Each structure stands twice: as C-alpha cells, then as structure tokens.
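> Predicted model and sequence below, questions to follow.
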Amino acid sequence: MRQTPPPSLEAKLQNHASPVEMLRHSPTGGYEFPFAAQYTNWRDEQRAWQESVVLFDQSFHMTDVYFEGPDVRRLLSDVAVNTFKNFGANRAKQIVACNDEGKVIGDAILFGHSEHKVSVVGRPSVPNWVNFHAETGGYDVEVTRDERTVSNLGNRLIYRYQIQGPHALKLIQKVHEGPFPEIKFFHLGDLQIAGRKVRALNHNMSRMGGLELHGPVEDGPAILDALLTAGPEFGLVRGGSRAYATVSPESGWIPSPMPAIYAGETMKPYREWLPGDGFEANASLGGSYYSEDIEDYYQTPWDLGYGGHVKFDHDFIGREALEKIAAQPHRRKVWLKWNDEDVLKVFASQLGNGPRYKYMEVPNAYYSILPFDKVLMGDRMVGLSTYTVYTSNVRHWFSLAMIDENAVAEGTTVRVVWGEEGGGSAKPIVERHEQTDIRATLHTERLNEQ
C-alpha cells in the first residue's frame, strides 16, 4: 500500500535526523530525462553536436512556470541576482537566485515573451522559488505551471526542440518558410515551419551554435517531422537521454547546485510551501564528500561560474551577503580530466577477485541528483568534483569541479576520491564498493578532443 507523502518538505524533514541524512539515503537516482536512451548510439549522438547537427527533444524534463502581470519585472528583480536593465520582450537570460545568505538556490532560463509575461524554465528549483514569492509576496502576477513530465498527469503545454551543431542553422533555414530573421544570442524570434508559427531562442548548449525551438504542444509532431525529413542532408542525428546527460559537463554548466533551502528559520516558510513529494523533497545526495552540516554543500554564485551575473544595481534577496564576500577569494569552476589508467582500474575492478570500486555508468557516471566528490591536493581538500562523464569528443572521462582559487593552475594534478564512505549509502542504485583515488589534471578552458 502506497504511503501518503508528507504535506510539505518541512514535514518530511521532521521525519529525518538531518537534511543530509534524508538526501544521502534518498532512493532517487540521477535526474530523470524521460525520453529514449538513444536513437542510434550515444557515441555518434555525442559526435553530432561537434561534427554535424543533433536534435534533442526537451519537451519532457524541464519545469516551465509562466508569470504574467504588471508586477512581473519587480518580482524578478527582487528574487534574482541579475540586472534587468537589459531585459524585456523577446529577450532571454540565465537567471540565478540566492537565499538571504547569498547561497545559490539554482539557475534557470528566463524567457521574455512580452513586456508583462515571462517564463522560468529548467530544473524545478528556481521556477518553484519564483512561484513561491509570486504567491506570497503581494505581487500582481498570475502564475501558470507546466510541470515536467514525471510530475505531470496531463499534457505539456509546449514542445521544445534543441537543434545544435555546425550545420544546425542550415537545417533550420532549410525548413523555415520565408526570409530567415536575424536572432541575436539570447534573443527570441519567430519562424514558420510546416505552416506553424515557431518561437526560436538563440541559445546553445554545446557551444557549437543553433536554436531552441518551441511552440504549442499540438504543433510539435509537424515541426519534428519537418526537421527529420530535411535532416539527412545535414547529417542530423537524434540525441537520446544518455548523450543528453553529458552535454552540460562538456559545455561547462553545473546543472544542479545544492538548493540552499534545507536549513534556517528564514527558509522555513518556503519549506512549508514546497510539497513533501516534490523535487526538493526527493533529491538525492551522492559522492565521497561527507559533512553533517547541509550548509557545507551550498555554493555561492562564484563557485558555479556565475559571479559575472551578480549585479548590485538593484535590491534582491541575498544582496547584502553577496556584497560582503564579493571581493573575497572564491572557488573557481574548472574541468578535471581523469587519468585513463586510474579509470581503467575502476572498470577492471568489476572483473575477477579483489576490491570492487564504485561502478562508472557509461557515459555519465553520476548516480545522484546532487553529486559531490572530494578533490585533494596532497592531503588537503581543495574543492569538489561533480558530474562525471565520458564523451566521444573529449575521449577521456572528466568532471566539472569547484576548486579553491589559490589551488587553480592549469595542468595541476589533483586526486578525486571516487566512491562513498562505509561501502556506500542506502540508495538502491549504489552497490557495495570501496573508495579509491583517481588522479586528474585541472583545466581552466573547455576540454577538446585529446
């Protein structure tokens, strides 16, 4: 018999010794991408965003929340670290939100549909946070939620297709009906495909360029059919969830920072507003970094490479705390290229007798929504590694990491502790294993094929 979930995140936390204990032993694995694992094979699908063009169907895994009304701009300015001097209709930006102590709740993409209508799109952390303030902060704003598929009992409102790669624009120009508009980076424009109006965002995930297309869900099949029909001329490859899960680390984006919401009295009203069976309540924590204090897992905008987004030209939640630390040393986001021999040692441990190390699922080895592995320089911990993947473009295993500023030097060798303490947590996806060290070299620029 299925148990009734707690009425709120706060109520669920009361059933656990600590937020860390709840998240560490959550039965949830990695973030769900509810579409085909692969359409051909994940290796060719990865190569496509570098060599030809890949199509990812993003219609399922992101939360879209729409905000419409005269107070939309004031709402956004109050909750986001970003400036809004350069935002309006047909503009987009990466929105970053923090708590009162300047710790990141998350980031998402903000779409400006008109002067008084926007949508916040991404993993649920930021859409939920903005929704909470819209409802409780006295703003004249109407909220419409379009839940991700795993939380949606009905149909989605829109389709969303990401078209990326060196031939992406040529493909889209081929299927567009009429003169092709100029759409600047992080701007929105209108296309017409298969007789339907299509909204297009110039936003790339693979750094190779392309557009993200969206429109009413009922138009999705016709748009997809037009793209797939024209695709062979440009080497179009459909990308599945296995390849999709590796795009962000190759591009340099950390998709799930620890939402800085699980502790403190000031965040209690929000925890009471959040459902007991939602994203935040079911997130999972994994990796070799252990602390009993959930706040040790929080990040600042600078840790995640978002320092440039912080603008003190407006009042916002967390401004005072961020002003105090802005000039201080910060961790820096880097890539860690893992040592091939040490990675092979992990795979070899699955065969025969001897110690067995934590299995690395191919091509993405992160097995929780919030993965944090210790990074050591000698015996000193210098940062955290997160989102470990292999791609056919880099030809090595690698991860993103947040490293102490004074330890960042190109080509430095560090050690990543791989595996969990005590043989592993209670997460069903984690088998019994031993920890091991993996050497890695630090890179401040995007990894290319080696």
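Alright, I've got the coordinates. These numbers were taken from a predicted model, which means no experiment stands behind them. Residues are numbered from 1 along each chain as shown.
> Just the helices from this protein, written as ranges.
9-13, 19-24, 42-51, 72-79, 125-136, 168-175, 220-230, 241-244, 247-251, 268-273, 279-282, 319-325, 340-348 (DSSP state H).
> Those helices into a markdown table, with extra columns for distance to Asp313, mean neighbour count and mean pLDDT?
The way it works is simple: take the backbone N, C-alpha and C, and place the C-beta from them, glycine included. Below are those laid out as a markdown table (distance: least, CB to CB, whole Å; neighbours: other CB atoms under 10 Å; pLDDT from 0 to 100):
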| stretch | distance to Asp313 | mean neighbour count | mean pLDDT |
| --- | --- | --- | --- |
| helix 9-13 | 33 | 21 | 98 |
| helix 19-24 | 34 | 21 | 97 |
| helix 42-51 | 36 | 23 | 97 |
| helix 72-79 | 10 | 20 | 98 |
| helix 125-136 | 20 | 22 | 98 |
| helix 168-175 | 34 | 19 | 97 |
| helix 220-230 | 39 | 17 | 98 |
| helix 241-244 | 36 | 24 | 96 |
| helix 247-251 | 28 | 21 | 94 |
| helix 268-273 | 26 | 16 | 98 |
| helix 279-282 | 30 | 22 | 96 |
| helix 319-325 | 10 | 15 | 98 |
| helix 340-348 | 46 | 15 | 98 |
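> Can you tell me which of those is nearest to Val389?
helix 247-251 (4.8 Å; CB to CB).
> Pull the distance from stretch 428-443 to the chain's centre.
Centroid displacement of stretch 428-443 relative to its chain, using CA atoms, centre = their mean, to the nearest Å, is 21 Å.
> buried stuff in that stretch?
For stretch 428-443, burial by neighbour count (16 or more other CB atoms under 10 Å) applies to 429-430, 433, 435-443.
> Report the mean per-residue pLDDT for that stretch.
For stretch 428-443, the mean pLDDT works out to 97.
> Quick one: end-to-end length of it, please.
Chord length of stretch 428-443, first to last residue, is 34 Å (CA to CA, to the nearest Å).
> Against which helices or strands is the lowest-mean-pLDDT helix or strand in the chain packed?
One helix or strand of the chain scores below all others by mean pLDDT, DSSP states H and E: helix 247-251, with a mean of 94. Under the contact definition 3 or more CB pairs under 8 Å, 6 or more residues apart in numbering; DSSP states H and E, helix 247-251 sits against strand 380-390, strand 397-404.
> need the contact list for the closest residue to Met360 other than its chain neighbours.
Excluding its sequence neighbours, the residue lying closest to Met360 (CB to CB, 6 or more residues apart in numbering) is Val346, at 5.7 Å. Shown in contact with Val346 (CB atoms under 8 Å, 6 or more residues apart in numbering): 357-360, 418, 436, 438.
> 10 Å instead?
338, 356-360, 365, 397, 418-419, 433, 436, 438 (CB atoms under 10 Å, 6 or more residues apart in numbering).
> Break this structure down into its structural domains.
The chain breaks down by automatic domain parsing into domains covering 9-30+261-297+329-443, 31-251.
> ok, and what's touching the least confident helix or strand of the chain?
For helix 247-251, contacts defined as CB under 10 Å, 6+ apart pick out 45-46, 49-50, 54, 56, 162, 164, 204-208, 239, 253-256, 335, 364, 366, 386-391, 393-394, 398-400, 446-448.
> still on that earlier bit, can you pick the most crowded of the contacts of Val346?
Trp418 (27 neighbours; other CB atoms under 10 Å).
> Next one: it relative to Gly29, how far apart?
17 Å (CB to CB, to the nearest Å).
> Kindly report the same for Ser385.
The gap separating Ser385 from Gly29 is 19 Å, by CB to CB.
> Between the two, which has more neighbouring residues?
Using other CB under 10 Å as the criterion, Ser385 and Gly29 rank with Ser385 on top: 29 against 17.
> residues contacting the more buried one?
Contact analysis of Ser385 by CB under 10 Å, 6+ apart lists 287-289, 334, 336, 338, 371-375, 398-403, 414-418, 438, 440.
> now, which of those residues lie within strands?
Per DSSP state E, strands hold the following members of the contacts of Ser385: 334, 336, 338, 371, 373-375, 398-403, 414-418, 438, 440.
> what about burial for those residues, which qualify?
334, 336, 338, 371, 373-375, 398-403, 414-418, 438, 440.
> Skip the chain neighbours and tell me the closest residue to Ile429.
Distances taken as CB to CB, 6+ apart put Gly29 closest to Ile429, at 4.3 Å, once the chain neighbours are dropped.
> Looking at the contacts of Val346, which one is closest to Asp225?
Nearest to Asp225 among the contacts of Val346: Ala365, at 35.2 Å, using CB to CB.
> which residues does the closest one contact?
Applying CB under 10 Å, 6+ apart to Ala365 gives the contacts 30, 246, 338, 343, 346, 358-359, 371, 387-390, 397, 399, 418.
> Pick out the lowest-pLDDT one from these.
pLDDT is lowest at Gly30 among the contacts of Ala365; the value there is 90.
> so how many other residues sit close to that residue?
Counted with other CB under 10 Å, Gly30 comes out at 20.
> List the contacts of it.
Residues near Gly30 by CB under 10 Å, 6+ apart: 245, 256, 284, 286, 361, 364-371, 387, 429.
> can you do 6 Å?
366-367 (CB atoms under 6 Å, 6 or more residues apart in numbering).
> now it: how far from Ile429?
Distance from Gly30 to Ile429, by CB to CB: 8 Å.
> ok, now Thr229?
As for Thr229, its distance to Ile429 is 39 Å (criterion: CB to CB).
> coming back round to it: can you tell me which of the helices of the chain comes nearest to Ala407?
That would be helix 319-325 among the helices of the chain, by CB to CB, at 18.4 Å.
> And the contacts of the closest one?
Helix 319-325 has contacts (CB under 6 Å, 6+ apart) with 101-102, 310.
> mind redoing it with 8 Å?
With CB under 8 Å, 6+ apart as the test, helix 319-325 has contacts from 81, 98, 100-102, 300-301, 310, 312.
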